[in-house]
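1. Quick one, what's the 3D model for this:
(chains A and B)
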Amino acid sequence: MKLTEDVIYRNSSQFRNWSFTPTQLAELRLKTNIQACERVKANVARQRAQRAAIALDGGGASASDSERGNTPGLENGNGNENGNSNGGTPMRLDKEVDCLTVAEEMRLVDFCCETTIDLAKFIGLPSDVTATAVQFLRRFYLYNSPMTYDAPVVSRTITFIACKTDNANPNLDDYVAKLGKVTRDQILAPEYLIVQALRYNFEVRHPFRGLKGAHLELGEIARGAYTPVAPDTRTPSDLQAAITALPLPTSGAITDKKTISIENRLNNAYGFAANILKRTAQLTDAYFLFTPSQIMLASLLLADEPLTTFYLSTKLPSDSPTYTKLLTTLRSCAILFSSHRSYTSSTLSPEEQKAVKDKDKAEISALRKKLKNCRDPDKMDLVKLNQAQKRDAENASGGGLEESKAKRRKIAREKAEKEADDFWGPELGKK
Amino acid sequence: MGVSPAVSPHLMVPGAKAPPNASVNAKTLAILNNSRATTPGEGTADLAEMMNKDVREQFVEGKFLGSGTYATVYAGHFRADPTKLVAIKKMRILTDYKDGITMDSYREMKFLQELTLHPNIVRLHAVFTSKDQNLNLVLEHLPKGDLEKLWRDSSISYTREDIKAWSAMICQAVWFCHENYVLHRDIKSNNVLIAADNTLRLADFGLARSFSEPGRPMTCNVITRFYRPPELLLGATHYGGCVDVWSTACVMAELAARAFFLVSETDIQHLSVIAELFGIPTEADWPGVSKLRHWEVAFGSAPPKRPQPLSHWRQRLPLMGDDGIDLLRAMMTMNPSKRLTARDVLKHPYWTNLPRPTKKENLPHGGDEDAEKKKAIDDLKRRGGDLETGRSDKVARKLDFGVK
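-> Residues are numbered from 1 along each chain as shown, chains lettered A, B, ... in the order given. As a prediction, this is how the structure comes out:
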């Protein structure tokens, strides 16, 4: 059995299920958006009709268990922690729901990816685990809309899932304590929902190790210790001479110096590229459109172009068609990075950066405001939704639980529900 | 795509012709086109839920095979083709793990979704969530039990050619894991299952993980004790594929001896059992060994000990031959950095020397209709990392992730 890196990658779930052409990606997002809009509108309409019915005869008792769970507004008239309280637009009978566009959805998800990176940094996760969480989030929102599932809520759970899949001390109590203001149930409720949307694929192939490898190899070349592979006939010292004689890059990692030692040059390029991979690469569609090694080389290209083309020339003859094709691909990936806000903002003055940040903030808060009025009312409270689903499954199967146990639970539930409506709220837990 | 249909098990429907990506998109489209119905019941299912339902409906669940602490297993088959059998493993919701889906489930799903190409690794056809929020892993139907059952069954006799054939299949599976940067960390004869065509399948990836980032610690509390290499017993938290190579050698030796190869009651005792055969490692042949966490307790005050001579091996493993013994000893070199890698193992002359390995259709097996059922039950009663003999030290699946 012959096994090349290419064969391995082509059999990865990342390539099989999560690689797209730009057109496929745009189509998929449009479809998800259309479906979500339709559902929001239908569910809002249904809820309005139910409200009207309740207003008319004061009864709505036919709603199934799960429906009641999903629309807490129906029973006690007050909103839940996820917003949509005090009669926002969806509750008004006369107005058509104004849904998010694909671009607006993407903006919200991108913003959430940024906050996920910040959150992960805050709780001390390594950058590869963080990157896994961000990519899970991006994958999730290919098949879901933030109108259906609110991105910040999904992000907390997805980060916890990434801790589990990537062996980063996944203890829920610790995690909840670090996050604050969130319960264990809130983290766990959307877990099944998310693993379904991730299609049970948990391996994300990152470009980080590849970059480290390239860095080490360049270091060997600079020390004259690297023998190139055929058909490259140069000697180690030829390569050493060539790497030291490279012209300095005009943009990227070194812009202010006239001369620099080769060690420093390599280190600068590595650091610059690593930063792109940790942030900008995560915030773009790079993982959907390119392979990890393309992403890695594109970041290196932005950091130090002469160095990167030299590095490629030690792998491929620069007159081969593959070389040209590769470089074209790398350039389009590099453009994806260099045109992203997180890349351009680093070149701005502090005042300009602040202006951009403020503008972003205003943009996001306007979007969140719009989102509030077009959330899918059925998917507001994931904790209750999850409980209701479990309950429905138990009721439907009949088995699973013994009769007495089910009855006990039902009584406890009804009691809790009743108490929740009491003026002073429910009794505290007895633990 | 460059993937021949014969080796692309990720296609959920037998005989589906579209390449995976295309089928995803086609499916998505189909789902979207059907989603116009907005009745409260079906309309509340989102795209992912519908995809999940699609997968679920491709399989028909059959008779109950067995249940245990970790999962319940049912026989089943593809709805479209009742002759294509599967085993449906329903992961149990554990009462002592409160943090949602378990690490074991995540690991098993994660790695089996990637290692889809190799004929000696158990095939995961699909995963779906049932209505009551249980994960269901649809695995290949493996009716002929496992390797441990095989060597224990005194009614089956087998030859050195058979041992070579089985060993080759295991070594290739381990090599494939390592080429994909996956450590199995629980290789033992009872995790090697036998398929209907007599070929072997490496199974149970519940303790597997990707190779660690250099410098980041991993737990040393993995691999069932009889198969655990000295560096883990000594407390090493940085290791690579060499741990699996040691376990693989144990399995091969076990096949040849028709008995567990290295037997002990405790971790510390296991180290002395290893030392009995291989001698006590010295700083000269394993630099740094005396700095490992448990060195002092284990060997700190022990007098030097020499390894057993070749004659001892010949006497213990007559079926391996000198080349086989040479391979085993290279796979069980105490110093993990001098141990053969899975790649090197496949280059050893043992494989190409005579006698040739038995062809799969001629391999002996003890498979009968009930074997699967028995296997399923036994498997499920055991905790991962434990031995069937019940001499468990409860390393089980309580990993410490090297943090703290």
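
2. Just want to check the distance between residue A:215 and residue A:267.
-> Distance from residue A:215 to residue A:267, counting by Cβ to Cβ, to the nearest Å: 8 Å. C-beta coordinates here come from the backbone N, C-alpha and C atoms, glycine included.

3. Ok, residue A:187 next?
-> Residue A:187 is 39 Å from residue A:267, by Cβ to Cβ.

4. the more surrounded of those two?
-> A side-by-side neighbour count of residue A:187 and residue A:267, using other Cβ atoms under 10 Å in any protein chain shown, places residue A:187 first with 23 against 15.

5. residues in contact with stretch B:108-116?
-> With contacts defined as Cβ atoms under 8 Å, 6 or more residues apart in numbering or on different chains, stretch B:108-116 is touched by A:11-13, A:165, A:200-203, B:7-10, B:121-124, B:127, B:135, B:137, B:176-177, B:180, B:182, B:204-206, B:208.

6. if you set the cut-off to 6 Å instead, what comes out?
-> With contacts defined as Cβ atoms under 6 Å, 6 or more residues apart in numbering or on different chains, stretch B:108-116 is touched by A:11-13, A:165, A:200-203, B:9-10, B:121, B:124, B:127, B:180, B:182, B:205-206, B:208.

7. Out of these, which sit inside helices?
-> Using DSSP state H, A:13, A:165 are the members of the contacts of stretch B:108-116 that sit in helices.

8. so of the contacts of stretch B:108-116, which ones are in strands?
-> Under the assignment DSSP state E, the contacts of stretch B:108-116 contribute B:124, B:127, B:182 to strands.

9. From those residues, list the ones also adjacent to chain A.
-> The subset of those within reach of chain A, by Cβ under 6 Å from any Cβ of the partner chain, is residue B:127.

10. Buried among the ones in strands among the contacts of stretch B:108-116? Need that as a selection in ChimeraX.
-> A single ChimeraX command selects the buried members of the ones in strands among the contacts of stretch B:108-116 (16 or more other Cβ atoms under 10 Å in any protein chain shown):
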select /B:124,127,182
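
11. Specify which member of the ones in strands among the contacts of stretch B:108-116 is nearest to residue A:382.
-> Closest approach between the ones in strands among the contacts of stretch B:108-116 and residue A:382, by Cβ to Cβ: residue B:127, at 21.4 Å.

12. was I right about that closest one contacting residue A:200?
-> Yes: counting by Cβ atoms under 6 Å, residue B:127 does reach residue A:200; the two are 4.0 Å apart.

13. how close does residue B:146 get to chain A?
-> 24 Å (Cβ to the nearest Cβ, to the nearest Å).

14. just checking, residue A:40 touches residue A:375?
-> No: Residue A:40 is beyond contact range of residue A:375, at 7.2 Å (criterion: Cβ under 6 Å).

15. which residues are in contact with both of the two?
-> Here residue A:40 and residue A:375 have residue A:147 as joint contacts, going by Cβ under 6 Å, 6+ apart.

16. what about the helices in chain B?
-> Secondary structure of chain B (DSSP H): helices at B:20-34, B:40-43, B:47-56, B:103-114, B:147-152, B:160-179, B:230-233, B:242-257, B:267-278, B:295-299, B:310-316, B:321-331, B:342-345, B:369-381.

17. Please name whichever of those helices is nearest to residue A:282.
-> The closest of the helices of chain B to residue A:282 is helix B:103-114. By Cβ to Cβ, the value is 20.0 Å.

18. Low-confidence stretches in the chain?
-> I went with chain A, as the question did not name one. Residue ranges of chain A with pLDDT under 70: A:1, A:57-95, A:253-258, A:393-431.

19. right idea, wrong chain: chain B
-> B:1-45, B:68-69, B:95, B:367-404.

20. List just the nearest of the ones in strands among the contacts of stretch B:108-116 to residue B:145.
-> Of all the ones in strands among the contacts of stretch B:108-116, residue B:124 has the smallest distance to residue B:145: 19.8 Å, by Cβ to Cβ.

21. which ones are touching the closest one?
-> Contact partners of residue B:124, counting by Cβ under 6 Å, 6+ apart, are B:112, B:139.

22. roughly how far apart are it and residue A:169?
-> For residue B:124, the distance to residue A:169 - Cβ to Cβ - is 27 Å.

23. And for residue B:302?
-> Note on residue B:302: its distance to residue A:169, by Cβ to Cβ, is 36 Å.

24. With neighbour numbers in mind, choose between the two.
-> Using other Cβ under 10 Å, the more surrounded residue of residue B:302 and residue A:169 is residue A:169, with 16 against 11.

25. now that one, what's its secondary structure?
-> Residue A:169 falls in the coil class when you classify it by DSSP: H, G, I helix; E, B strand; the rest coil.

26. What does it show for phi and psi?
-> phi 50, psi 60 (degrees, to the nearest 10).

27. Residue B:285 too?
-> phi -90, psi -10.

28. residue contacts, it?
-> Counting by Cβ under 6 Å, 6+ apart, residue B:285 has contacts residue B:335.

29. Show me what from the stretch 1-150 of chain A comes close to chain B.
-> Counting by Cβ under 6 Å from any Cβ, the stretch 1-150 of chain A comes close to chain B at A:3, A:11-13, A:16, A:31, A:35, A:42, A:143.

30. Generate a ChimeraX selection restricted to the buried entries among these.
-> This is how ChimeraX selects the buried members of the residues of the stretch 1-150 of chain A next to chain B, with burial counted by 16+ other Cβ under 10 Å:
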select /A:11,12,13,16,31,35,42,143
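
31. Okay, domains of chain A per the record?
-> As recorded under automatic domain parsing, the domains making up chain A are A:102-197, A:208-345.

32. Check those for me and report the most buried one.
-> domain A:102-197 (a mean of 20; mean count of other Cβ atoms under 10 Å in any protein chain shown).

33. hang on, residue A:276 packs against residue A:299?
-> Yes: Residue A:276 is within contact range of residue A:299, at 4.1 Å (criterion: Cβ under 6 Å).

34. Tell me, how many residues neighbour residue A:366?
-> Neighbour tally, residue A:366, other Cβ under 10 Å: 11.

35. thinking residue A:220 is in contact with residue A:226, fair?
-> Yes: the pair residue A:220 / residue A:226 is scored as a contact, 4.0 Å apart, by Cβ under 6 Å.

36. which residues touch the strand or helix carrying residue A:6?
-> Using DSSP states H and E, the element containing residue A:6 is helix A:5-10. Taking contacts as Cβ under 6 Å, 6+ apart, the residues outside helix A:5-10 that touch it are residue A:15.

37. Can you tell me the SS state at residue A:118?
-> helix.

38. From chain B, how far off is it?
-> Note on residue A:118: its distance to chain B, by Cβ to the nearest Cβ, is 22 Å.

39. go on, residue A:380?
-> As judged by Cβ to the nearest Cβ, residue A:380 and chain B stand 12 Å apart.

40. and what of residue A:331?
-> Going from residue A:331 to chain B by Cβ to the nearest Cβ gives 24 Å.

41. Spatially nearest residue to that residue, not counting backbone neighbours?
-> Take residue A:331 and drop its neighbours on the chain: the residue closest to it by Cβ to Cβ, 6 or more residues apart in numbering or on different chains is residue A:301, 7.3 Å away.

42. Done for today, thanks.
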